[in-house]
Structures are given as C-alpha cells and as structure tokens.
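Enquirer: sharing a sequence plus its predicted fold:
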Amino acid sequence: MNDTFLKACRGEPTDYTPIWMMRQAGRYLPEYQKVRRGRTFLELCKSPELCVEVTLQPIDILGFDAAILFSDILVPMEAMGLELEFHEGRGPVFPQTVRDRAALDRLIVPDPHESMGFVMETIRLLRKELKVPLIGFAGAPFTCATYLIEGGSSKVFWETKKMMFSAPELFHGLMEKITLCTIDYLKAQAEAGAQALQLFDSWAGILAPCDYETYAFPYVQRIIEALRPAGVPFIYFANNGATLLDYSARSGADVIGLDWRINIGEAIQRVGDKAVQGNIDPFALLLPEDQLRARIQKLLDDASQAKGHIFNLGHGIHQFTPPEQAKIAVDAVHELSRR
C-alpha cells in the first residue's frame, strides 16, 4: 500500500508530498455523473457497491494518495430521527427543524451499525480494493446543528444564533446529542477499517472566537479525545477558520486542515508541532498550467517547515472544474515535491 498520506499525518519523512482533494469523489467527474444518473443522492449514499465505485474513481483516474469515503455529513442526522431531503439547487433540507425542547427530545442517539450499516459495509468493501489509505469522516457538531436548526443551508444563521444566545440550554442539549452520535459513528468507521478520520466544521467560521470557544470547541475536543484509542490520525478542518487557528491547534487533532484564506507558512508557525493539510484556493485549479504549477510550487515552498504536509484544496473541488486540471495539480504536486 502507498502509505505516504499516513506518514505525512504522523509527521514522518515522505518521498514526496501526498495529495487528495475534498469532494474528490463527485460531480466534476463524468464517471460519477454516469453512476449518479437516475438515482437520488441519498440512494447513492446508501448503496455500498456504488459508493465503492465512486470512491475509487478519482484514485484510478487522477492518482490521489488517499481516498475519502463517499457519503455526506448529514447521514447521521437522518439516523437521529429526522427526515432528510436533497433538492437540486437548494442542497440538503430538513422539513422538520429542531427549535424547541420537544423536537430535541424526539432525537435519538442511534446505533451506527443498525442505522448506518451501509457506511460500514462500504468501508469494509473499500479496504479490499484500495491501494491507498481510506479516510472516514463526520460533520462537526456545530456545523450539523446549523442544518437541523435552520432546516437547511443558511447565509445569516439567524435561527442558530438566536438559539445560542437566547436559549443556550436548548442549544447545548442539541450539541450534546449530536456529539454522542458523532463519537459512536466515527468509532464504528474506525472499527470497520477507516485509516484516518476527518471532522468537517464547514460553518465554524461564522462564529466569533469567543462564541466558538463556548458553543463549539468543547464538543470538537470531546470527539477527538474519544477517538484517540482508535489509533488512527485525526484531521480537523474548520472552514473560514483563520481566526480560530489557535483553537484548532489545541483541539487534539493530529492534522490541522486549512482553507485558502491564510498563508500556509504563517499557519504552520501558529499551529506548532502539528501536521497541516491544504490549502490552495479551489478556483486556482482553473489557472493555465504554467501558472498553476507556479502556484503549487510556492505553496510547497511555504509549507517546507511543516512537521507534515498533505496537499489539498482549501475547500471542496468545484463541480464545474475540468478533471484534466485536477490531474495537472496531482502530477505537479508529485513531481515538484520530489525535487
């Protein structure tokens, strides 16, 4: 097995910088679109054989150094007892929101093997096929809570922050249940064979640092601490989180994921003895090849002092990115980092 990614996570020397991309198994690949055609997104997520196929596609086609399980961060929220829908152009929708004590009390902490066994089966099948490490993942409690409270995506997060500030006991009760669910879910993924775990905190950056410290950070720390006995590297990614970097460094994670809003060299100085993952702007993949290679070379140079560096985008690859541009990036990272 090519274990370069795992070595970088642990801060061990590598022959080159490993690369994978968030959302690498997905809509930008024609091969994915072919599998997806005629099926809902949730149907695909709950079909282990198809999930295996789309997880393998970017590895086989583009040559990434790690695979990430094909699923969605909101799958566990459905398992907690909420109806989940995905609408084209709107994204995820929860028709019944969680905004009062009765709705909170109806939520369960599910057995991940009973309610999400299809995820664990996907992991077991993938481990038989993969020649690179497999990353499992979950959404961080704050990010997941926003979807349950708002009923879907939001621009201002009015209902979330209203609950935080005017009904903190209710908010913390929701965070507690999501945290327990997430711990069990990630433990089950590790037991099934996931070789690294990533916690996605997509909406952490909407919080002031003092509010992040009160309403989100303790739950992130609890999850990471609970997963320590699993013995696999843990990655924490707080999107739009340059203002939260000091917290990320204290989260207990082995690897700190970085978006593109901070120079990676500056981030490395701030996180200290941690490996880092990131952090090129996803839209930089649209640059002409010579400019893209120059951008990659600069990022590699800026990351040269990291304990370990995994090359990644600062967020997910955009659905309209030409796959050949992603291939240029993969090949450039491999070539330039070997020099």
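Expert: Yep, that arrived.
Enquirer: which SS state does the residue sitting nearest the centre point of the chain fall under?
Expert: Nearest residue to the geometric centre of the chain (CA atoms, centre = their mean): residue 200, 3.9 Å. Counting by DSSP: H, G, I helix; E, B strand; the rest coil, the backbone at residue 200 sits in strand.
Enquirer: now do the contacts for residue 181.
Expert: Neighbouring residues of residue 181 by CB atoms under 8 Å, 6 or more residues apart in numbering: 76, 79-80, 109-110. Using the backbone N, CA and C atoms, a C-beta is placed for each residue, glycine as well.
Enquirer: quick check: which element contains it?
Expert: Counting by DSSP states H and E, the element that carries residue 181 is helix 168-192.
Enquirer: and that helix, what's buried?
Expert: The neighbour-count check on helix 168-192 (16 or more other CB atoms under 10 Å) flags 170-175, 177-190, 192 as buried.
Enquirer: do the same with stretch 264-278
Expert: 264-265, 267-268, 271, 274-278.
Enquirer: so which of those residues belong to strands?
Expert: Among those, the residues falling in strands (DSSP state E) are 275-278.
Enquirer: TSV for those, including pLDDT?
Expert: What follows is those, written out as TSV (pLDDT from 0 to 100):
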residue	pLDDT
275	98
276	98
277	98
278	97
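Enquirer: I'd like those as TSV, with distance to residue 132 appended.
Expert: Conversion of these to TSV gives the following (distance: CB to CB, whole Å):
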residue	distance to residue 132
275	17
276	20
277	15
278	19
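Enquirer: closest one of these to residue 46?
Expert: Ranked by distance to residue 46 (CB to CB), these are led by residue 277 at 28.3 Å.
Enquirer: which residues does the closest one form beta bridges with?
Expert: Per DSSP bridges, the residues bridged to residue 277 are residue 257, residue 310.
Enquirer: where does it sit relative to residue 165, distance-wise?
Expert: 33 Å (CB to CB, to the nearest Å).
Enquirer: check which helices and strands the helix or strand hosting residue 137 sits against.
Expert: Under the criterion of DSSP H and E, residue 137 resides in strand 134-139. Here strand 134-139 touches strand 67-68, helix 117-129, helix 168-192, strand 196-201, going by 3 or more CB pairs under 8 Å, 6 or more residues apart in numbering; DSSP states H and E.
Enquirer: compare the contacts of residue 181 and tell me which is most surrounded.
Expert: residue 76 (24 neighbours; other CB atoms under 10 Å).
Enquirer: and the helix or strand harbouring residue 301, what does it pack against?
Expert: Secondary-structure element containing residue 301, defined by DSSP H and E: helix 289-302. Counting contacts by 3+ CB pairs under 8 Å, 6+ apart, helix 289-302 is packed against helix 264-271, strand 275-280, strand 309-313, helix 323-338.
Enquirer: return the last one as CSV; C-alpha atoms alone will do.
Expert: Going back to what we said before, that points to helix 323-338. Provided in CSV are the C-alpha atoms of helix 323-338 (Å, rounded to 0.1, in the frame of the first residue of the first chain):
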residue,chain,number,x,y,z
PRO,A,323,-10.9,16.9,-14.4
GLU,A,324,-7.8,17.4,-16.5
GLN,A,325,-7.0,20.5,-14.4
ALA,A,326,-7.2,18.4,-11.2
LYS,A,327,-4.8,15.9,-12.9
ILE,A,328,-2.3,18.6,-13.7
ALA,A,329,-2.4,19.5,-10.0
VAL,A,330,-1.9,15.9,-8.8
ASP,A,331,1.0,15.4,-11.2
ALA,A,332,2.6,18.7,-10.3
VAL,A,333,2.5,18.1,-6.6
HIS,A,334,4.1,14.7,-7.0
GLU,A,335,6.8,16.0,-9.4
LEU,A,336,7.7,19.3,-7.7
SER,A,337,7.7,17.9,-4.2
ARG,A,338,10.2,15.2,-5.1
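Enquirer: got the angle for it vs strand 275-280?
Expert: Helix 323-338 and strand 275-280 are oriented at 130 degrees to each other (axes from the mean of the first three to the mean of the last three CA atoms, to 10 degrees).
Enquirer: great, nothing more from me.
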